[in-house]
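Peer 1: All I have is the shape, not the residue letters:
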């Protein structure tokens with residue numbers, strides 16, 4: 001590790017990342033690199049998926065956590081470690097601590113998904129639920145560290161964490177030596193910073209493009225200002241990259257080494273997750289799907305071959321269900337609307353016959369007869385359909401109009 005002369009912040013070098021790679025030998029998996037024919041067709045060049053969703057604990061977080069904890073002094077290890085996280089970092093710290101024989105305490109928000117809480121406990125950590133949001137959880141963990149002497153393991157703002165995450169970059173260069181562009185999600189910045197350090201030192205010609213959720217994009221204003229800037233109330237389904245302020249250490253590296261930071265919408269995130277599941281047969285969480293979302297949003301703007309880094313796959317089943325519905329709606333695979341009928345026997349049957357004739361699958365029907373908005377002989381029907389895509393949606397709408405129905409919305 002060396003120090004930046006500009007602001008005396010510690011920085012990370014290729015030697016640090018290579019040292020982390022040796023430390024992680026036999027601990028972190030060298031995860032698979034899978035080609036995507038569908039994305040390659042969209043981009044017009046080969047696209048490969050780096051599957052850190054298949055890493056031990058389900059994300060890249062184990063890499064940095066292990067390197068950080070392994071580097072502690074004996075007296076620090078004896079005091080134990082503490083972390084705050086809603087999921088991936090929690091599991092990475094818990095598992096790394098168990099492997100190294102270090103006691104770990106992990107603070108998680110009260111509303112953290114139960115599978116992530118259970119997994120963190122199973123990896124050996126003492127879990128304490130505190131706070132409704134991660135900021136409150138983080139404050140509780142830091143207070144615990146001050147009171148007990150336990151070492152606080154930051155999820156991204158430490159050079160050892162960044163060096164550990166950077167080992168993903170070295171693997172990408174080894175697995176895909178012809179790569180021209182690497183796309184990686186950004187939350188606090190530890191992963192993107194580490195990948196950029198490793199890749200740019202070996203292959204400065206390779207572009208590194210970061211991706212943030214539009215509702216939690218702290219890096220664009222921070223890069224414009226030249227220093228980390230906080231954004232109020234970040235909001236996104238991609239909790240793995242929902243961070244309100246860049247880390248100081250990763251920010252300086254990203255500012256220097258990352259070529260571009262893009263943002264993606266919630267619709268693009270859910271569509272990307274659905275694509276990973278349907279086309280690549282990979283379970284990926286929204287944050288992990290953010291590079292794919294960027295490819296979908298503007299596919300021809302990437303120079304290939306491209307590697308999209310799928311950073312994690314820890315997604316709560318209930319959230320997955322909601323996201324898949326959202327993704328199918330964004331892809332034009334769901335159609336919802338209301339219309340009014342004459343309230344007489346057989347009217348609903350006739351309507352459903354029109355939908356059956358155009359091969360639309362009815363998922364749900366709401367039938368209202370008593371409402372102040374309705375006339376005495378009117379009924380309102382709300383329908384949710386499964387369709388084959390935007391073209392099929394248009395065909396359904398045309399069939400309804402031809403049959404004389406007026407769609408309200």
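Peer 2: Sure thing, it's come through. Predicted model only: the values in this text are computed from it and were never measured.
Peer 1: Going by C-alpha atoms from here, please, whenever you check contacts or count neighbours.
Peer 2: Noted.
Peer 1: Quick one, grab the pLDDT at the most centrally placed residue in the chain.
Peer 2: Most central in the chain under CA atoms, centre = their mean is residue 287, positioned 0.5 Å from the mean C-alpha point. Note for residue 287: predicted pLDDT of 93.
Peer 1: next SSE after the helix or strand containing residue 307?
Peer 2: According to DSSP states H and E, residue 307 maps onto strand 306-310. Next along the chain after strand 306-310, taking DSSP H and E as the criterion, comes helix 317-330.
Peer 1: Run through who's touching that following helix.
Peer 2: Defining contact as CA atoms under 8 Å, 6 or more residues apart in numbering, one finds that helix 317-330 is touched by 267, 268, 269, 270, 271, 272, 273, 274, 334, 335.
Peer 1: so where's the stretch 201-350 of the chain uncertain?
Peer 2: 327 (pLDDT under 70).
Peer 1: returning to that earlier point: name every strand pairing with the strand holding residue 307 and say which way it goes.
Peer 2: Take DSSP bridges as the rule and strand 306-310 pairs in its sheet with strand 47-51 (parallel), strand 181-185 (parallel).
Peer 1: where exactly do the strands run in the stretch 201-350 of the chain?
Peer 2: Secondary structure of the stretch 201-350 of the chain (DSSP state E, counting those that start in this stretch): strands located at 207-213, 260-264, 306-310, 334-342.
Peer 1: when you compare where the first one runs with where strand 260-264 runs, what's the angle?
Peer 2: Read that as strand 207-213. 30 degrees (axes from the mean of the first three to the mean of the last three CA atoms, to 10 degrees).
Peer 1: mean confidence for the lengthiest helix in the chain?
Peer 2: Counting residues, the longest helix in the chain under DSSP state H turns out to be helix 159-175. What helix 159-175 shows for mean pLDDT is 98.
Peer 1: can I assume residue 305 is in contact with residue 46?
Peer 2: Yes: taking contacts as CA atoms under 8 Å, residue 305 lies within contact range of residue 46: 4.7 Å.
Peer 1: rewinding a little: what about the closest residue to the residue nearest to the centre of the chain other than its chain neighbours, distance to residue 200?
Peer 2: Leaving aside its sequence neighbours, residue 287 sits nearest to residue 238 (CA to CA, 6 or more residues apart in numbering; 4.6 Å). Per CA to CA, to the nearest Å, residue 238 is found 27 Å from residue 200.
Peer 1: If you count surrounding residues, which of the two has more?
Peer 2: residue 238 (23 against 17; other CA atoms under 10 Å).
Peer 1: circling back to that earlier point, close enough to count as contact, the residue nearest to residue 287 and residue 286?
Peer 2: Yes: Residue 238 sits in contact with residue 286 when judged by CA under 8 Å, with a separation of 4.7 Å.
Peer 1: what sits in contact with each of these two?
Peer 2: With CA under 8 Å, 6+ apart as the test, residue 238 and residue 286 both reach residue 269.
Peer 1: Report all helices and strands that the helix or strand hosting residue 194 contacts.
Peer 2: Applying DSSP H and E as the criterion places residue 194 in helix 190-202. Helices and strands in packing contact with helix 190-202 are listed as helix 14-23, helix 159-175, strand 181-185, helix 248-257; criterion 3 or more CA pairs under 8 Å, 6 or more residues apart in numbering; DSSP states H and E.
Peer 1: tell me which strands and helices the last one is in contact with?
Peer 2: With contacts taken as 3+ CA pairs under 8 Å, 6+ apart, helix 248-257 sits against strand 10-11, helix 190-202.
Peer 1: Any chance of TSV for the ones you listed, columns distance to residue 244?
Peer 2: Formatted as TSV, the helices and strands packed on helix 248-257 follow (distance: least, CA to CA, whole Å):
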stretch	distance to residue 244
strand 10-11	22
helix 190-202	14
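Peer 1: For residue 180, list the residues it contacts.
Peer 2: With CA under 8 Å, 6+ apart, residue 180 has these contacts: 205, 206, 207, 303, 304, 305, 306.
Peer 1: Run through the bridge partners of the last one.
Peer 2: Read it as residue 306. Residue 306 has these beta-bridge partners by DSSP bridges: residue 47, residue 181.
Peer 1: outside of stretch 277-286, which residues touch it?
Peer 2: Contacts for stretch 277-286 (CA under 8 Å, 6+ apart): 36, 38, 53, 237-240, 269-270, 273, 276, 310, 312-315.
Peer 1: Among the residues you listed, which one has the most neighbours?
Peer 2: Counting by other CA under 10 Å, top hit in the contacts of stretch 277-286: residue 269 with 31 neighbours.
Peer 1: What distance do you get for that residue to residue 141?
Peer 2: To residue 141, residue 269 is 30 Å away according to CA to CA.
Peer 1: Look up the pLDDT of residue 5 for me, please.
Peer 2: Predicted confidence (pLDDT) for residue 5: 43.
Peer 1: With residue 377 instead?
Peer 2: pLDDT, read off for residue 377, is 69.
Peer 1: same check, this time on residue 369
Peer 2: Reported pLDDT for residue 369: 67.
Peer 1: likewise residue 66?
Peer 2: 98.
Peer 1: Throw the strands of the stretch 201-350 of the chain into CSV and include distance to residue 151, thanks.
Peer 2: Below are those laid out as CSV (distance: least, CA to CA, whole Å):
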stretch, distance to residue 151
strand 207-213, 29
strand 260-264, 32
strand 306-310, 29
strand 334-342, 49
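Peer 1: Which one, of those, ends up nearest to residue 124?
Peer 2: With CA to CA as the criterion, residue 124 lies closest to strand 306-310 of the strands of the stretch 201-350 of the chain, at 25.7 Å.
Peer 1: between the closest one and helix 159-175, what angle do the directions make?
Peer 2: 140 degrees.
Peer 1: Not counting its own residues, what contacts strand 306-310?
Peer 2: 45-53, 172, 179-185, 284, 288-292.
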